[in-house]
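Engineer: Sequence below, structure please.
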Amino acid sequence: MPVFWVSDSRRRQMKGEAGDFRLLVTGAAAGDMEAFEHLVRRFRNLAFGYAYSILGDFQVAEDVTQEAFLEAHRQLPKLRHPAAFP
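Structural biologist: Predicted coordinates:
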């Protein structure tokens, strides 16, 4: 069984990223478009890849991805726990 080791500096960086992520989600939920843009940039490839793997059509996957982010933007104010975003 492999053992995974994370350095202290990487552990601090990961904690910082998690905090930054919560701030981005909270900011986006409050209407900060720049924060939402950061979230879109962070997750767009993941969302597109998932959509494409199901749909098999590049154009349709792009449209579905865009619609998913629009819906996420509309629903963010209702999100009770920022860590639940992705």
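Engineer: Low-confidence regions, the chain specifically.
Structural biologist: For the chain, applying pLDDT under 70 flags the ranges 1-19, 84-86.
Engineer: try 80
Structural biologist: By pLDDT under 80, the low-scoring segments of the chain are 1-19, 81-86.
Engineer: ok, Leu24 touching Glu37?
Structural biologist: No - applying Cβ atoms under 8 Å, one finds Leu24 not in contact with Glu37, separated by 9.5 Å. Yep, even glycine has a C-beta here, placed from its N, CA and C like the rest.
Engineer: and Phe21, what element?
Structural biologist: helix 8-29 (DSSP states H and E).
Engineer: separation between Val25 and Asp63?
Structural biologist: For Val25, the distance to Asp63 (Cβ to Cβ, to the nearest Å) stands at 24 Å.
Engineer: Looking at those two, which one has more neighbours?
Structural biologist: Val25 (22 against 13; other Cβ atoms under 10 Å).
Engineer: Can you tell me the centre-most residue of this protein?
Structural biologist: The centroid of the chain falls nearest to Phe43 when counting by Cα atoms, centre = their mean (4.2 Å).
Engineer: just checking, what packs against the helix or strand containing Glu37?
Structural biologist: Using DSSP H and E, Glu37 sits within helix 33-55. Where contact means 3 or more Cβ pairs under 8 Å, 6 or more residues apart in numbering; DSSP states H and E, helix 33-55 is packed against helix 8-29, helix 58-75.
Engineer: what's the angle from the shortest one to helix 33-55?
Structural biologist: The one in question is helix 58-75. Helix 58-75 runs at 140 degrees relative to helix 33-55, counting by axes from the mean of the first three to the mean of the last three Cα atoms, to 10 degrees.
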